[in-house]
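A.B. asks: Fold the following, please.
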Amino acid sequence: MKKVLLMTGFICMVLSSMACAGLQPTAQVDNNAGTQPLPPYNGPKARIAVADFDVKAAKAGGEIGDGLKEMLVTALLNSSRFRVVERQVLDHLMQEQELAASGAAAQDGGVKRGQIKTADLMITAAVTEFEPQASGGAGGIGGGGTVGGSILGAIIGGSMNKAHMALDIRIIDTSTSEVLSATRIQGQATDVAGGILAGVLGSTPLGVGLGGYANTPMEKAIRVCIIEAVNYIAQTVPANYFKY
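C.D. replies: Numbering: from 1, shown residues only. Okay, here's the model as predicted:
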């Protein structure tokens, strides 16, 4: 009985401390506390293209790669440092130009040959790890094996969920096919199931196939990777490519 009373008092003391400090159970980004979008920029831009993502992770399908590519393209554009050349719809653009040149279409459309821009750089990415629920366990102090752990864990919000993903990024010169730089980017986030989820990093909409991860640790891990990828590309591309 004394043990239960002592544990109850300890739990009350912990919760009281949390309230006084204004602390609430939230999701947190692990090992990426300094992840921040790039500062505003108004200088010359580099012209790049983003290749389709190569999905190698066992728990991710092709739609995951498509969604991540969409997010990276949007984030690169929003950084104001890049002109992104779209290659996914190149066939459709070529068809429009051929139609305009054939004489079968009205000549006031403004579509001309020889106007498609080429990219100086190609960004390739491989999804090597994708773990929406990398680990889990009882939340709170003491885990689920003690009376105090069970009570405090239930109050704080249940089990701890962790998500993790990794991207292998390469920056390639399209004229020479030389790999200018390559790196591995990882994003990891934890959350208390049923707790209060902290505001996610960045504002880029989740790409196609990723909507199911909204407001989960996996969304945070995804956004960490995208922000870190843009930061890496912007800071690694040599200055002579920023000329447009």
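
A.B. asks: drop to CA atoms for contacts and neighbour counts, all remaining ones
C.D. replies: OK.

A.B. asks: Which strands and helices lie in contact with the biggest strand by length in the chain?
C.D. replies: Using DSSP state E, we find that the single longest strand of the chain is strand 121-138. Packed against strand 121-138 by the contact rule (3 or more C-alpha pairs under 8 Å, 6 or more residues apart in numbering; DSSP states H and E) you find strand 46-50, strand 54-55, strand 159-173, helix 217-236.

A.B. asks: What lies in contact with that strand?
C.D. replies: Where contact means C-alpha atoms under 8 Å, 6 or more residues apart in numbering, the residues beyond strand 121-138 that reach it are 47-60, 65, 143-144, 150, 153, 158-174, 217-218.

A.B. asks: CA atoms only for that strand, dumped as CSV, please.
C.D. replies: Presented in CSV, the C-alpha positions along strand 121-138 are these (Å, rounded to 0.1, in the frame of the first residue of the first chain):
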residue,chain,number,x,y,z
LEU,A,121,22.2,19.3,-63.4
MET,A,122,20.3,16.1,-62.7
ILE,A,123,19.2,15.2,-59.2
THR,A,124,18.8,11.4,-58.6
ALA,A,125,17.5,9.9,-55.3
ALA,A,126,17.0,6.4,-54.0
VAL,A,127,14.7,5.6,-51.1
THR,A,128,16.8,3.1,-49.2
GLU,A,129,14.9,3.0,-45.9
PHE,A,130,11.3,3.6,-45.2
GLU,A,131,10.0,2.5,-41.8
PRO,A,132,6.7,4.1,-40.7
GLN,A,133,6.8,2.2,-37.4
ALA,A,134,10.5,1.4,-36.8
SER,A,135,9.9,0.7,-33.1
GLY,A,136,7.4,1.1,-30.3
GLY,A,137,7.1,0.6,-26.5
ALA,A,138,5.2,1.7,-23.5
